[in-house]
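Asker: for reference, the sequence and a predicted model appear below.
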Amino acid sequence: MKWENPLYNTLSWSGEIDNRQEKEKAAKTVSKKVSNGDIIGVGSGSTSLLALEAIGRRVREEAMEVKAIPTSKEAALNCAYFGVPTTTLTDERPSWGFDGADEVDGERNLIKGRGGALLAEKLVMASSPLTYILVDSRKFVKKLGEKSSVPIEVDPRAIHLVETELIKSFHVESVQLRMAVSKDGPVITESGNVIFDVKFQNLNHKMEYEVKAIPGVVETGLFLGYSVEILTS
Ligand SMILES: O=C[C@H](O)[C@H](O)[C@H](O)COP(=O)(O)O
């Protein structure tokens, strides 16, 4: 039976995808990992979109039974668009997952959260025995924080408290409240929080715990020590 897409024109990624060819190769590789019956954690962002497209194609062509646990409304919409049924982390645990990243170091530690989905992405990754991280060559760094700021998700009531503590207790180059592009005011995450993009002078792993100890910090974009395998082109 021909699969009919009920969501024409609603694909959530509207912009150009940079380094598309490299991302497509990693996406194709991860699509081959899918087996019948899998429950797959689905990351957010452009690389995850390409991976989901490749997985959706296999699922439809081979009539596979898989379910996805999306990490954002963006990912959920894309699952619907590509015809991959979804479930939730409350109902089921992932067999494995895939996601993109903003930076990857030599020990497979990551910075994530450019797209604001860091909280759900970390919950799904921490619940999954293995996550494939799909990255193009520009994402590799010698030391985390080399290129990217670290996104920190914060309860909006703690906005002044957290900003003050970050400046007082850490060597920071900049602390910027992430502003919305097509809406006035700050980005509000899917959990109703705001995001600070923080450029640390000398990022180290202890900061994950030190930053999270500030009341009002919900999550950070440092993904350290998770069970991940890096897939690149
Ligand atoms: O919140 C966004 C996510 O952490 C993305 O997975 C990350 O920013 C990578 O995105 P992209 O695959 O578009 O480079």
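Answerer: Yep, it's here.
Asker: now do the SS call for the nearest residue to residue 169 once chain neighbours are set aside.
Answerer: If the residues on either side of it in the chain are set aside, residue 169 comes closest to residue 210, at 7.3 Å by Cβ to Cβ, 6 or more residues apart in numbering. From N, CA and C alone the C-beta is placed, and that goes for glycine too. State at residue 210, reduced to three classes by DSSP: H, G, I helix; E, B strand; the rest coil: helix.
Asker: tally of neighbours for residue 210?
Answerer: If you count neighbours by other Cβ atoms under 10 Å, residue 210 ends up with 15.
Asker: how much space separates it from the ligand?
Answerer: Look at residue 210 and the ligand: by Cβ to the nearest ligand atom, to the nearest Å, they are 22 Å apart.
Asker: again, but for residue 47
Answerer: Distance from residue 47 to the ligand, by Cβ to the nearest ligand atom: 3 Å.
Asker: for that residue, which non-adjacent residue is closest in space?
Answerer: residue 100 (3.8 Å).
Asker: surely the one you found is in contact with residue 133?
Answerer: Yes: Residue 100 is within contact range of residue 133, at 7.2 Å (criterion: Cβ atoms under 8 Å).
Asker: tell me the domain boundaries of this structure?
Answerer: Using automatic domain parsing, the domain parsing of the chain gives 20-141+225-231, 150-221.
Asker: deepest in the core, which of the ones you listed is it.
Answerer: For the domains of the chain, the largest average neighbour count (mean count of other Cβ atoms under 10 Å) is found in domain 20-141+225-231, namely a mean of 20.
Asker: can you pull the residues of the chain lying near the ligand?
Answerer: For the chain, the residues in contact with the ligand (Cβ under 6 Å from any ligand atom) are 43-48, 99-102, 112-118, 121.
Asker: please enumerate the strands of this protein.
Answerer: Applying DSSP state E to the chain gives strands spanning 39-42, 67-70, 96-99, 103-104, 110-111, 131-134, 150-154, 172-177, 194-200, 217-220, 222-223, 228-231.
Asker: ok, the residue nearest to residue 169 touching residue 166?
Answerer: No: the criterion here is Cβ under 8 Å, and residue 210 misses it with residue 166 at 10.1 Å.
Asker: for residue 214, what are its contacts?
Answerer: 158, 161-162, 165-166 (Cβ atoms under 8 Å, 6 or more residues apart in numbering).
Asker: swap in residue 31?
Answerer: Contacts of residue 31 (Cβ under 8 Å, 6+ apart): 51, 54-55, 57-58.
Asker: setting aside sequence neighbours, what's the nearest residue to it?
Answerer: residue 54 (3.6 Å).
Asker: pretty sure residue 219 contacts residue 118?
Answerer: Yes: with contact defined as Cβ under 8 Å, residue 219 and residue 118 form a contacting pair (5.6 Å).
Asker: output the below-cut-off pLDDT ranges for this structure.
Answerer: For the chain, the stretches with pLDDT under 70 are 1-15.
Asker: at 50 instead, please
Answerer: By pLDDT under 50, the low-scoring segments of the chain are 1.
Asker: how about the helices in the chain?
Answerer: 20-31, 46-61, 73-81, 118-126, 159-169, 206-212 (DSSP state H).
Asker: redo these as TSV? Include distance to residue 180.
Answerer: Shown next, in TSV, are those (distance: least, Cβ to Cβ, whole Å):
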stretch	distance to residue 180
helix 20-31	25
helix 46-61	19
helix 73-81	15
helix 118-126	17
helix 159-169	15
helix 206-212	23
